[in-house]
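**Q** What would the 3D arrangement of this be:
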Amino acid sequence: MSDLEVRQLRYFVAVAEELHFGRAAARLGMAQPPLSRAIRELERQLGVKLLERTTRSVLLTPAGEALLRDARAVLESVGAAGRRARHAGQPKPRLRLALKADADGGMLSAILAMYQQEDAALPVELVWGGRDEQSQALRDGRADVALLLSPFDERGLDAEPLRTEPRLAVLAADDPLAARTSLVLADLSGRLLPDGSPAVPGETPPAFTERQVRAEERGLVAEPRPPVSDLTQVFRLVELGCVVCLLPAWVTRAYPRAELAYIPVVDVPPAVLSVGWPRDARSPATAAFVRAAQAAFESVAAPPSAEPAPTLRHP
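**A** Below is the predicted model of the structure:
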């Protein structure tokens, strides 16, 4: 059997994900007949059937499912290799830091100041992204190091925790639950998070809760459509009774608002902020940033609710 080509894998992944040759061809910007021939040639080359085709459907065989898993990983690695090579070949090297705007523990300036004291420091390029995008940026070569909020996809990454703090429920100040000193997750039954999912995992929220009814009376839709992630927008939706949210304690300290109440939720896992990097990274600049991040958090007094950071493992 000859070696597979990246082109073959890209064709197969498109068909396997679309389960439709016409849509896959359009996605690839090619005609359908040569795509069909390429998939048949791939099956002949491997000696297995990858797809079950009928006049009405396309389904993956067990062999096709196995190839899809590995092909995705291969294409991701190939893309990452190209991005890293282009980045390494730039005349003015930079360190690319992936992060979410409100997920730095309030310490980004201190980390950067500490980093610039390192001999291996490079100019830092900030790679902004939404929730859960930072680990993927490390894997696909768009970033060299990242600040990661738990939980995150750890595949192919190493990480060191920097700060651990409780998650607090963010409620409107006039919410009946706002008078409590603490909550359990079940107290948020029937509430919606900013992404439209139920606050209690696995629960199907009722059509209307008391606060959603109040939002409806103000002429507002009971949940945000589409989901929002901008913190200012989220706070406004909470204040109006449309949603609740759970935020790390460090975020709530940075945004004191009279219209909102921040209440500890005792049975929710704490928020853990970590610094992460690709497992095979050998860059002195990346190692220097990890050291600087650890040192920056160690240099400030930890809040009462935080746990001490563990010993650093250098990339």
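**Q** quick one, helices of the stretch 101-250 of the chain?
**A** 108-115, 134-139, 210-217, 231-239, 249-254 (DSSP state H, counting those that start in this stretch).
**Q** Look up how far Gly79 lies from Cys85.
**A** Just to correct that, residue 85 is Ala rather than Cys. Distance, Ala85 to Gly79, by Cβ to Cβ, to the nearest Å: 11 Å. (Glycine included, C-beta is placed from N, CA and C.)
**Q** ok, now Ala103?
**A** 25 Å.
**Q** Looking at the two, which one has more neighbours?
**A** Counted by other Cβ atoms under 10 Å, Ala103 and Gly79 do not tie: Ala103 has more neighbours, with 20 against 15.
**Q** re earlier: could you point out which of the helices of the stretch 101-250 of the chain sits nearest Ala295?
**A** helix 108-115 (5.3 Å; Cβ to Cβ).
**Q** Would you agree Ala288 falls within a helix?
**A** Yes: according to DSSP: H, G, I helix; E, B strand; the rest coil, Ala288 belongs to a helix.
**Q** Help me confirm that it comes into contact with Ala121.
**A** Yes: with contact defined as Cβ atoms under 8 Å, Ala288 reaches Ala121; the gap is 5.7 Å.
**Q** These two - which one has more neighbours?
**A** Neighbours per residue (other Cβ under 10 Å) separate Ala288 from Ala121, with Ala288 holding more: 23 against 17.
**Q** Now the more buried one: closest residue in space that isn't a chain neighbour?
**A** Leaving aside its sequence neighbours, Ala288 sits nearest to Glu118 (Cβ to Cβ, 6 or more residues apart in numbering; 3.8 Å).
**Q** For the one you found, give me its contacts.
**A** Contacts for Glu118 (Cβ atoms under 8 Å, 6 or more residues apart in numbering) come out as Ala288, Phe289, Arg291, Ala292.
**Q** What's the separation between the second one and Glu52?
**A** Counting by Cβ to Cβ, the separation of Phe289 from Glu52 is 49 Å.
**Q** Please compute how far stretch 47-62 lies from its chain's middle.
**A** Counting by Cα atoms, centre = their mean, to the nearest Å, stretch 47-62 is centred 33 Å from the centre of its parent chain.
**Q** Show the end-to-end separation of that stretch, please.
**A** 14 Å (Cα to Cα, to the nearest Å).
**Q** What residues sit buried inside that stretch?
**A** By neighbour count on 16 or more other Cβ atoms under 10 Å, the buried set for stretch 47-62 is Leu50, Leu51, Val58, Leu60.
**Q** One more: stretch 35-51?
**A** For stretch 35-51, by 16+ other Cβ under 10 Å, it's Leu35, Ser36, Ala38, Ile39, Leu42, Glu43, Leu50, Leu51.
**Q** Now tabulate those residues in TSV and tack on secondary structure and pLDDT.
**A** Shown next, in TSV, are the buried residues of stretch 35-51 (DSSP: H, G, I helix; E, B strand; the rest coil; pLDDT from 0 to 100):
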residue	secondary structure	pLDDT
Leu35	helix	93
Ser36	helix	92
Ala38	helix	91
Ile39	helix	93
Leu42	helix	92
Glu43	helix	92
Leu50	coil	93
Leu51	strand	93
